[in-house]
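model the following, please.
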Amino acid sequence: MNDFLKYAISQGASDFHIALGNNPVMRIHGELIPVDYPPIAAMESQRILIEILNDQQLAALGKQKNVDFCYKVPGIGRFRTNVFVQRHGIDAVFRIIPQKVPVFDSIGLPQNMRELAHYHQGMILVTGPSGCGKTTTLAALVDLINETRSAHIITIEDPIEYVHGNKVALINQREVNSHTETFSSALRASLREDPDVILVGEMRDLETVRMAITAAETGHLVLTTLHTTNAASSIDRIIGTFPPEEQWQVRIMISESLKAIITQVLLPTIDKKGVIPAFEILVVTQAIAALIREGKTFQIPSIQQTSQHLGMSLLDQSLLKLVQDKKVNPMSAFAKAFKKELIEPFLESK
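Alright, predicted model coming up:
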């Protein structure tokens, strides 16, 4: 297994798949590329995957039929790993975690977003589809806080991906299943651990969402993620998590605690030698807060479109600029755009 992973790193892959009955597969710049290796047989799959699991992980696989963990190979790297049972046997996906913690200036966010690191309370959401770089953006924000503030940062992750050393800040990193049972239990405990900043890897359930909002309301900066495609839908997703009788109160709480939403997607560069992010940014102003309270989130995009001077933007605006600057293929941007008519003229000219 380690030889496979070493090869994947050498090829610049972001993910490596063990798929029973098929060649191993790498994802490189968003494209799935088969490895020149014979199809994986059932016995080989079981052997190479079972041997990397400890007893706790093996028990979880037997009970839940899938298990998440961070696989560490000294001298090679760290991998966010999911081993799962499918109809033919056992498969696995390894996400390659870069060795270095990303710095803010490397992730492509506008410079005015550096101000997010100076917030002392509230919630900052990073959203987008799986594999779009949410974890990288959060890691860069944590690193920026680590460099600039004397703060106690607690991260709750499943699993721990980027490993942060203490700089100006003090950082404690906790992994679900290894250091705590659930996101919500770790989040509840963190409020008694004198935190300034709490990173929650993902808000998966009502209790975690509730605790994250409580932490943001009680003087802590909460950084977290959702699998949503734009700012307005992110707000609706949070509110919709709660029972109907609580939603009016949650709207008020969100309008007061939410500070910013960063939505992102990744696109292959025009030369196909890498990927580049496109961002949608929402900064919660008084006008945005009023729309949240009044249940008028459908009006938020119009304010984003006209508030670029405040650092806001829509995803479509970011995609359009990447096309105009000839950084991405128009067809790639067209596939990600909401208002596809913005990109269509570039397809026709091409």
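
what segments of this structure are strands?
15-18, 25-28, 31-34, 66-73, 77-86, 89-97, 122-127, 152-157, 170-175, 197-200, 221-226, 258-268, 275-283 (DSSP state E).

save those strands as TSV, and put in mean neighbour count too.
Every C-beta, even on glycine, is put in place using the N, C-alpha and C of the backbone. Listed next are the strands of the chain as TSV, based on neighbours: other Cβ atoms under 10 Å:
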stretch	mean neighbour count
strand 15-18	20
strand 25-28	19
strand 31-34	12
strand 66-73	18
strand 77-86	18
strand 89-97	20
strand 122-127	24
strand 152-157	23
strand 170-175	18
strand 197-200	26
strand 221-226	24
strand 258-268	23
strand 275-283	23
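
as a markdown table, the ones you listed with mean pLDDT and distance to Ile213 would be great.
As requested, these are arranged in a markdown table below (pLDDT from 0 to 100; distance: least, Cβ to Cβ, whole Å):
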| stretch | mean pLDDT | distance to Ile213 |
| --- | --- | --- |
| strand 15-18 | 96 | 32 |
| strand 25-28 | 96 | 35 |
| strand 31-34 | 94 | 38 |
| strand 66-73 | 92 | 25 |
| strand 77-86 | 94 | 27 |
| strand 89-97 | 95 | 29 |
| strand 122-127 | 98 | 7 |
| strand 152-157 | 97 | 15 |
| strand 170-175 | 96 | 20 |
| strand 197-200 | 98 | 11 |
| strand 221-226 | 97 | 8 |
| strand 258-268 | 96 | 9 |
| strand 275-283 | 96 | 17 |
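
turn these into CSV, columns for distance to Gln324.
Output for these, formatted as CSV (distance: least, Cβ to Cβ, whole Å):
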stretch, distance to Gln324
strand 15-18, 30
strand 25-28, 26
strand 31-34, 24
strand 66-73, 40
strand 77-86, 35
strand 89-97, 32
strand 122-127, 25
strand 152-157, 37
strand 170-175, 40
strand 197-200, 35
strand 221-226, 29
strand 258-268, 14
strand 275-283, 12
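
residues near the closest residue to Asp36 other than its chain neighbours, how many?
The shortest distance from Asp36 to any non-neighbouring residue, by Cβ to Cβ, 6 or more residues apart in numbering, is to Asn23 (7.6 Å). Asn23 is flanked by 15 other residues according to other Cβ atoms under 10 Å.

who touches Asn23 in this structure?
Contacts here follow Cβ atoms under 8 Å, 6 or more residues apart in numbering; on that basis Asn23 touches 34-40.

how close does it get to Met1?
Separation of Asn23 from Met1 (Cβ to Cβ, to the nearest Å): 15 Å.

Pro98: which of the contacts of Asn23 is nearest?
Nearest to Pro98, judged by Cβ to Cβ, of the contacts of Asn23 is Val35 at 20.8 Å.

low-confidence stretches in the stretch 1-150 of the chain?
Across the stretch 1-150 of the chain, nothing is flagged by pLDDT under 70.

which of the strands of the chain sits closest to Val328?
From these, taking Cβ to Cβ, the stretch that ends up closest is strand 258-268, at 4.7 Å.

the closest one - contacts with which helices or strands?
Using 3 or more Cβ pairs under 8 Å, 6 or more residues apart in numbering; DSSP states H and E, the elements in contact with strand 258-268 are strand 122-127, helix 134-148, helix 231-241, strand 275-283, helix 315-324, helix 330-336.

so what strands line up beside that strand?
The pairing partners recorded for strand 258-268 under DSSP bridges are strand 122-127 (parallel), strand 275-283 (antiparallel).

need those in a markdown table (columns: distance to Pro102).
Shown next, in a markdown table, are those (distance: least, Cβ to Cβ, whole Å):
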| stretch | distance to Pro102 |
| --- | --- |
| strand 122-127 | 13 |
| strand 275-283 | 11 |
